[in-house]
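S.K.: no FASTA, just this:
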C-alpha cells in the first residue's frame, strides 16, 4: 500500500509546478531527463461533465492511432458515436490532464453486460502523441485494474490488434496471459479479491487526483486573470501615449 504521506508529498511537489507560467514549460520532463525519481501521476475518474474533453482527446488521435485504439480506422462521426454511447453509470473512465486541462491520456474500463461474465471487464487506452514515452498507458492500466478489483472483477481483458505492441507490452508486464490469433490478440489478467489495502489505495489515489485537478483549474484561472490584467494595463498605457502626442 502507498503510504498517505508519500501521496501528499507527491501532490505538494506537483502543485508547485501549476503556478509557473505556461511559457516556462513543464518541470516533469526536466526531472525525467535528469534521472530524478518518477512522481505519482494523478489519474482521476471522469464523468459526463468531461464528455467534450473526451471527444477532443479522441478526435486528436492520428488515423493510425485510431486504428490501433478501436481496431478499425474510425472516422470523426464514428468517434462521436462512441463518445455519445459511453455509459458513465456502468463503466469507468480514467484520465490524465496536463496543466492546460487537456486530456492527454484516457482509459475506458467497460464492465461486461453478459450475466455469465458479470465478473469481467475490458480495458482500452489512448495517449496523445506528445504525451507518450512517460508510462501513462501502464499507469492507467494499473489504476483501472485496481478499480476493477475493488468492484469485484475477477478477470480483466484486453482485445487488441497484434500490431499494437505498446498495449500488449503493458498487459504482458502486468502479468496478463497473452494469446495471439492472427491479426488480433487477446490478453487477460486474473485479479486478486479486494482487501482493505486495495480499497484505501484507490481512495487515496482518487483524492490526490481530484486535488491535483482543482489546483490546475485554479492555476488556469490565475493565468487568465493575469493575462486580462496585462491587456488592460497595456490599453491604459497606449491611451496615455496617444494623449501625449
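M.R.: That came through fine. Please read these numbers as outputs of a predicted model, since none were measured by experiment. Residues are numbered from 1 along each chain as shown.
S.K.: Give me the distance between residue 160 and residue 50.
M.R.: 25 Å (Cβ to Cβ, to the nearest Å). C-beta: built from backbone N, CA, C; applies to glycine.
S.K.: do the same with residue 73
M.R.: 25 Å.
S.K.: ditto for residue 91
M.R.: Counting by Cβ to Cβ, the gap from residue 91 to residue 50 is 14 Å.
S.K.: higher neighbour count, the two?
M.R.: Neighbours around residue 91 and residue 50, counted as other Cβ atoms under 10 Å, are more numerous at residue 50. The numbers are 21 against 13.
S.K.: and the more buried one, which of the three is it?
M.R.: helix (DSSP: H, G, I helix; E, B strand; the rest coil).
S.K.: confidence score at it?
M.R.: The score at residue 50 is 95. That number is its pLDDT.
S.K.: Wait, it touches residue 101, no?
M.R.: No: using Cβ atoms under 8 Å, residue 50 is not in contact with residue 101; the gap is 9.8 Å.
S.K.: pretty sure residue 95 contacts residue 108?
M.R.: No: in this structure, residue 95 is not within contact of residue 108 by Cβ under 8 Å, at 10.1 Å.
S.K.: hmm, who's touching stretch 158-170?
M.R.: Applying Cβ atoms under 8 Å, 6 or more residues apart in numbering, the contact partners of stretch 158-170 are 67-68, 71, 122-125, 137-138, 141, 171, 176, 178, 180, 182-189.
S.K.: could you redo the last one with a cut-off of 6 Å?
M.R.: 68, 71, 123, 137-138, 141, 171, 178, 180, 183, 185-187 (Cβ atoms under 6 Å, 6 or more residues apart in numbering).
S.K.: any idea where the helices of this structure begin and end?
M.R.: 4-18, 27-33, 51-59, 63-70, 76-84, 136-150, 165-173, 196-244 (DSSP state H).
S.K.: Which of these comes out lowest on mean pLDDT?
M.R.: helix 27-33 (a mean of 38).
S.K.: Centre of the chain to stretch 110-130, how far?
M.R.: 15 Å (Cα atoms, centre = their mean, to the nearest Å).
S.K.: no no, stretch 133-141
M.R.: For stretch 133-141, the distance to the chain centre is 9 Å (Cα atoms, centre = their mean).
S.K.: List the buried residues for that stretch?
M.R.: Buried residues in stretch 133-141, defined by neighbour count with 16 or more other Cβ atoms under 10 Å: 134, 136-141.
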